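A.B. asks: Need a 3D model of the following:
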Amino acid sequence: MQADFQDMDRLTQSRMLARDAGLRLLNRLTTGIALAAVAALGVLTAVSAYSNPGTTTTPSSAATSSSSASTFTPSGLQSSTTPTTSSSGTPVAVSGGSR
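C.D. replies: Got it, this is the predicted structure:
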């Protein structure tokens, strides 16, 4: 009877050690995967920032023509520096125009 308890104790100890080793491996794998995911996110962020810097360009016709009465805003909309007038000479609000 005494031998049975010792055998069960050894078996229990070996199972506990195996479980602890498995949990340590799982913790290392989880940490490694999390660090790799953060590194991959950093790489994707850098590639995205490089490929799409977010700068705007001015159309060449607006940049070279100083006599033009309209300019292009950063949003790409065209704004007029002179008011649009009707045939009677009074200013008129105009909306819905296109380029």
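A.B. asks: Let me see the ranges of the helices in this structure.
C.D. replies: Along the chain, counting by DSSP state H, helices occupy 2-51, 60-64.
A.B. asks: Tell me which of these sits nearest to residue 93.
C.D. replies: Comparison of these against residue 93 by C-beta to C-beta identifies helix 60-64 as nearest, at 22.7 Å. Every residue, glycine included, has its C-beta placed from N, CA and C.
A.B. asks: Any stretches of this structure with poor pLDDT?
C.D. replies: 1-3, 55-92, 94, 96-99 (pLDDT under 70).
A.B. asks: now with 90?
C.D. replies: Regions of the chain meeting the criterion pLDDT under 90 cover residues 1-11, 48-99.
A.B. asks: can you tell me how far residue 44 sits from residue 22?
C.D. replies: According to C-beta to C-beta, to the nearest Å, residue 44 stands 32 Å off from residue 22.
A.B. asks: now residue 9
C.D. replies: For residue 9 relative to residue 22 (C-beta to C-beta), the value is 20 Å.
A.B. asks: Over to residue 7?
C.D. replies: For residue 7, the distance to residue 22 - C-beta to C-beta - is 22 Å.
A.B. asks: got it, and residue 49?
C.D. replies: From residue 49 to residue 22 the distance is 41 Å (C-beta to C-beta).
A.B. asks: Likewise for residue 16?
C.D. replies: Separation of residue 16 from residue 22 (C-beta to C-beta) stands at 11 Å.
A.B. asks: cool, residue 5 as well?
C.D. replies: For residue 5, the distance to residue 22 equals 26 Å [C-beta to C-beta].
A.B. asks: Quick check: which of the helices of the chain is nearest to residue 95?
C.D. replies: Residue 95 lies closest, by C-beta to C-beta, to one member of the helices of the chain: helix 60-64, at 20.7 Å.
A.B. asks: follow-up on the earlier one: could I get the helices of the chain as JSON lines with mean neighbour count?
C.D. replies: Listed next are those as JSON lines, based on neighbours: other C-beta atoms under 10 Å:
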{"stretch": "helix 2-51", "mean neighbour count": "10"}
{"stretch": "helix 60-64", "mean neighbour count": "10"}
